[in-house]
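# sequence and predicted structure, then a few things I'm wondering about:
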Amino acid sequence: MTEHRSPDTRFRTSLLEENDGPATNLTDNRTMGEIIAARFSRRGFLKGSLAVSAIAATVSPLALITADNARAGGGSAFTFDELEAGIDDKHHVAPGYDADVLLRWGDPLFADSPEFDPTKQSAEAQAKLFGYNNDYVGYIPIDGSAEHGLLVVNHEYTNPHLMFPGIVKVVEKDGKKELEVAPLSKDQVDVEMAAHGGTVVEIRKEAGKWQVVRDGKLNRRITANTEMALSGPVAGHDRVKTSADPTGTKVFGTINNCAGGVTPWGTYVMAEENIHGYFSGELQEGHKEAANYKRLGIPEGSYEWAAHYDRFDIGKEPNEPNRFGWVVEVDVNDPTSVPRKRTAMGRFKHEGAESIVAEDGRVVFYLGDDERFDYVYKFVTAGKFNAEDRAANMDLLDDGTLYVAKFAEDGTLEWLPLVHGQGPLTAENGFASQADVLIGTRLAADLLGATKMDRPEDIQPNPTTGKVYVMLTNNSKRKTEQVDAANPRAENAFGHIVEIVEDGGDFTATKGKWEIMLKCGDPSVAEVGATFSTATTANGWFGMPDNCAIDAAGRLWVSTDGQGPKATGRTDGLWAVDTEGDARATSKLFFRVPIGAELCGPLFTPDDQTAFVAVQHPADGGEDWEAFGRPSYYEDLSTRWPDFKPDMPVRPSVVAITKQGGGKIAV
Ligand code: FEO
Ligand code: CA
Ligand code: CA
Ligand code: CA
């Protein structure tokens, strides 16, 4: 039996999501700041404030011009009336719009699904109901329609203290009241496993409102137990063989699917992110996977799955973690298809996998590794996209080149290939094959000298402008001597957004240019150093960019993770951000979430008439919110969103935002 743990560690909050453990990139690769400092020192330039001098000298002229334009401040190009920032227990959208809850945790997805009963949860029921903590949202049109399609949704993780009745108890300790959390039963772990993964569900807009097609023939739940195949260079390798799978090709389940993507050929890709939390136990002394697992923080052990399933105990099944941390591709056209873990795209804490077809027909996926001091990647397929023949594209993701980004201080960028035998990626350095490079992607990228970033989250190519946006959510651990041009703030609490332009506008290019589009945080506090335009109102600024979307008009929308009473005095939400012209770096608040939640998703339908957003982990927290002021758990929730019924717990949900009377979301 697991020991009772204090709520601080037992409450699986967004702290894990924020990767708030020790940073795992312990290489002594110098940060760009150190390299610049050394260079400047040699020239005898540096006296006094080292970091500031170095950075000031490295801001690109283009960035300075842009900042001047922003300060000159045209108004926002978005015409909606801005929502007021704030904190309460409900969701809010800008005036003139409806924000309707479309899918809640526990909603039935099949004709034979049971109705949701939170007091009688079972894995069998959960596997037929919408899962927990919706994150990525994608839309795959049926017959090209913007009003009838498949919604694909990731279910990233579970919050037992919000999901299960009766597991949190108030106890007296030394005269003080404390919360104690019981260990989960095997049945509850099974529910957790069934609440993970993803959902594919048919939806249709009728009379201006989206409806779930409950008996849609392509509806599907994917869970932590769904059979999947390992494909690409790692399939069948010794390092992915386990006692249950001596072939190294068959895996059960996908976990911690954060963001993702929809491919140009209409498949659903799910990115496996914080896999370290699911593994417990200890490797045998001197085990060959020790360095690999240390670099990923495995095992972190915040889930109790290993208590019931040996495969999550690395002492018993040491190769199982190598079978997670991949990008998973799902063919949504066949609900019995076996999802494939596409190992050519590397193994790390994958945030998302947004893609674009390059001019020559190859497909480029932008990939963030969400951890402090980790890297930005892209994957370029070897083959070309065939728009006429869907089947011809189905194994494009098994063959291609994975690159990691090196951001130079002069505003240029190099994509370094992670190819076995090239540069330091050789047997002498522990990489005997391409499979070794991919299983140990972070270690390989360390050797190449990639740039350590402030937690890369969603990365979105913009097909209209050809630019690429990188959300860097924050990095409170970056020290002054570690700042560099691409990560210019020490103790970067609020994050920033980097804009990339690939050379020649070619997404497959191995070189490009970059600049910082926006440093986030409250611009009225000078020390924060935020760079929102002066046209941005007190409601319009934000911190902690996480997911983002480009609408059909080519405009950027950013959703956030980690704001709240203490951090920014506002909940997370969705902001419309100008990137072009005088209005660049002007931001406006469009939607905000109830207390405790982060906002995931955002996604626009092809006609721009609907924005889908995913409200994740509502009610996770309440201590810092004056109106509540205590930890929130099943029996005492900071919000019962979205039902607000006393017998219904808080439920993470997908919300469909439409304009009242119809029309595009924002013209
Ligand atoms: Fe799951 Fe990187 O957020
Ligand atoms: Ca995320
Ligand atoms: Ca996105
Ligand atoms: Ca996040």
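Happy to help now that I have it. Numbering: from 1, shown residues only. Ligands and ions are numbered 1, 2, ... in the order given.
# ok, residue 349 touching residue 300?
No: look at residue 349 against residue 300 with CB atoms under 8 Å: they stay out of range, at 11.3 Å. Where you see a C-beta, it was placed from the backbone N, CA and C, and this is true even at glycine.
# looking at the two, which has the bigger crowd around it?
residue 349 (25 against 17; other CB atoms under 10 Å).
# what residues are up against the closest residue to residue 337 other than its chain neighbours?
Nearest-residue entry for residue 337: residue 331, 4.1 Å, with adjacent residues in sequence omitted and distances by CB to CB, 6 or more residues apart in numbering. Neighbour list for residue 331: 267, 337, 339, 394 [criterion: CB atoms under 8 Å, 6 or more residues apart in numbering].
# give me the number of residues near the first one?
This means residue 267. For residue 267, the neighbour count with other CB under 10 Å is 24.
# ok, now the second one?
Applying the criterion other CB under 10 Å, we find 15 residues in the vicinity of residue 337.
# check what pLDDT it gets.
You'll see residue 337 listed with a pLDDT of 98.
# so it touches residue 328, yeah?
No: with contacts defined as CB under 8 Å, residue 337 does not count as touching residue 328, sitting 11.7 Å away.
# need the overlap of contacts for residue 349 and residue 300.
residue 276.
# please enumerate the helices of the chain.
Per DSSP state H, the chain carries helices over the ranges 7-10, 14-17, 32-42, 50-56, 61-72, 123-126, 160-163, 186-195, 290-296, 434-439, 441-448.
# worst average pLDDT in those helices?
Looking at these, the bottom one is helix 50-56 with a mean of 28.
# one step back: quick check, nearest of the contacts of residue 331 to ligand 4?
residue 339 (23.2 Å; CB to the ion).
# show me the contacts for the residue in the stretch 1-150 of the chain that ligand 3 sits nearest to.
Of all residues in the stretch 1-150 of the chain, the one sitting closest to ligand 3 is residue 136 (7.5 Å; CB to the ion). Counting by CB under 8 Å, 6+ apart, residue 136 makes contact with 152-154, 257-261, 270-271, 352, 547, 600-601, 614.
# rerun at 6 Å
154, 259, 260 (CB atoms under 6 Å, 6 or more residues apart in numbering).
# and for residue 218?
residue 335.
# state the distance from the residue nearest to residue 337 to residue 398.
Distance of residue 331 to residue 398, given as CB to CB, to the nearest Å: 14 Å.
# now the strands for the stretch 101-250 of the chain?
In the stretch 101-250 of the chain, the strands defined using DSSP state E, counting those that start in this stretch lie at 134-141, 148-155, 168-173, 176-181, 197-206, 209-212, 220-222, 227-231, 250-252.
# which of these comes out lowest on mean pLDDT?
Note on these: strand 176-181 shows the lowest mean pLDDT, a mean of 86.
# and the angle from that one to strand 168-173?
140 degrees (axes from the mean of the first three to the mean of the last three CA atoms, to 10 degrees).
# from here on, count from 457
Happy to do that; since the first residue is 457 now, the last one works out to strand 632-637.
# need the contacts of residue 787 in JSON lines (columns: distance to residue 1117).
Listed next are the contacts of residue 787 as JSON lines, based on distance: CB to CB, whole Å:
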{"residue": "723", "distance to residue 1117": "35"}
{"residue": "793", "distance to residue 1117": "40"}
{"residue": "795", "distance to residue 1117": "40"}
{"residue": "850", "distance to residue 1117": "42"}
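# could you list which of those residues belong to strands?
Using DSSP state E, no member of those sits in strands.
# which among those residues gets closest to ligand 3?
residue 723 (16.0 Å).
# need phi/psi at that closest one.
Note on residue 723: its backbone torsions stand at phi -110, psi 170 [degrees, to the nearest 10].
# what's the spacing between it and residue 729?
Taking CB to CB, one finds residue 723 at 19 Å from residue 729.
# near ligand 4, which residues of the stretch 957-1106 of the chain? Just list them.
1002, 1017 (CB under 5 Å from the ion).
# which residues of the stretch 957-1106 of the chain score low on pLDDT?
Scanning the stretch 957-1106 of the chain for pLDDT under 70 picks out nothing.
# in it, what residue is nearest ligand 4?
Closest point on the stretch 957-1106 of the chain to ligand 4, by CB to the ion, is residue 1017, at 3.8 Å.
# contacting residues for that residue?
Counting by CB under 6 Å, 6+ apart, residue 1017 touches 1000, 1002, 1054.
# wait, which of the residues you listed is closest to residue 646?
residue 1054 (26.1 Å; CB to CB).
# hmm, back to that, how about a markdown table for the contacts of residue 592, with distance to residue 1077 and neighbour count added?
Below are the contacts of residue 592 laid out as a markdown table (distance: CB to CB, whole Å; neighbours: other CB atoms under 10 Å):
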| residue | distance to residue 1077 | neighbour count |
| --- | --- | --- |
| 610 | 21 | 35 |
| 715 | 22 | 32 |
| 716 | 25 | 29 |
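# how close does the nearest residue to residue 842 once chain neighbours are set aside get to residue 818?
Spatial nearest neighbour of residue 842, chain neighbours left out: residue 848 (4.2 Å); criterion: CB to CB, 6+ apart. As judged by CB to CB, residue 848 and residue 818 stand 14 Å apart.
# of these two, who's got more company?
Each of residue 848 and residue 818 has its neighbours counted (other CB under 10 Å); residue 818 has more, 19 against 14.
# so that one touches residue 837, yeah?
Yes: using CB atoms under 6 Å, residue 818 is in contact with residue 837, at 5.1 Å.
# before we move on, back to that, what's the separation between the residue nearest to residue 793 and residue 1063?
25 Å.
# next one: residue 993
Residue 993 is 29 Å from residue 1063, by CB to CB.
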